[in-house]
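Q: what follows is a predicted protein model with its sequence.
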Amino acid sequence: MNPTQIFVDRYDAGRRLAQLLLRYAGRRDVIVLALPRGGVPVAYEIAQHLHLPLDVFTVRKIGLPFHEEFAMGAIGSGGACVFNYDVIDALHVSHTSVAQAVVRERRELDRRERAYRDDRPFPQLADKTLIVVDDGIATGASMHVAITALRERNPARIIVAAPVGSEDGCTLVRRYADELVCAVIPHAFGSVAQYYSHFEQLDDESVRSLLGTRALAS
């Protein structure tokens, strides 16, 4: 195993992260929300170990036209949208390119919501404590937009949980979340994938299977 590979896979990461969240175990006012796709296996293990309901909250990163893995913003359920204008301006990304990327990612977000939720209504989140989970925090853009959108549903608290995160990404998330629980925040981050021995891409059926195994929040 490479020295940077701390977690075997997302399930292992979820089990370890659950140990840092034991104070929320069994509470009726707490819901675990996964950011699909990568956050679902992590959140599944947290929900299983803490005996909490599980659901998903869909967000989509808006990547640069010439480097889609690098986020210039993100969109989320309910129309929430955030942009990193410093990146957009510094790299001279045109308004047309940004608009086209938003339309493309909104279309995929809508498709995923239909695939994962079917006709199930979104749970009531008012006055609830939300544990929002992803498999890692790189720029923080996806988690930022998730928090922004979820605030509109009037939760009591938003707890962000991730196995690993960059210093900059975690700093951003701390500004908007009520609490950040991150197992590892390395000084030299690199990418989320390098901290896992196995980091396979999930497909929609894998997500649906996990959500079907663990009853969705009601």
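A: Yep, that arrived.

Q: tell me the mean pLDDT for stretch 148-166?
A: Stretch 148-166 shows a mean pLDDT of 95.

Q: can you give me the end-to-end span of that stretch?
A: 20 Å (C-alpha to C-alpha, to the nearest Å).

Q: use 794 as the first number for this chain going forward.
A: Sure, I'll start numbering at 794, so the last one becomes stretch 941-959.

Q: flag every buried residue along it.
A: 941-943, 946, 948, 951-959 (16 or more other C-beta atoms under 10 Å). For glycine as for every other residue, the C-beta is placed from the backbone atoms N, C-alpha and C.

Q: out of the residues you listed, which sit inside strands?
A: Those of the buried residues of stretch 941-959 mapping onto strands are 951, 952, 953, 954, 955, 956, 957, per DSSP state E.

Q: and the longest strand along the chain, what's its mean pLDDT?
A: Across the chain, the longest stretch assigned as strand under DSSP E is strand 860-869. Averaging pLDDT along strand 860-869 gives 81.

Q: same question, stretch 917-931
A: 96.

Q: what of stretch 820-836?
A: Stretch 820-836 comes out at a mean pLDDT of 96.

Q: hmm, back to that, let me see the mean pLDDT of the following helix or strand past the longest strand of the chain.
A: Once strand 860-869 ends, the next helix or strand along the chain (criterion: DSSP states H and E) is strand 874-876. Strand 874-876 shows a mean pLDDT of 82.
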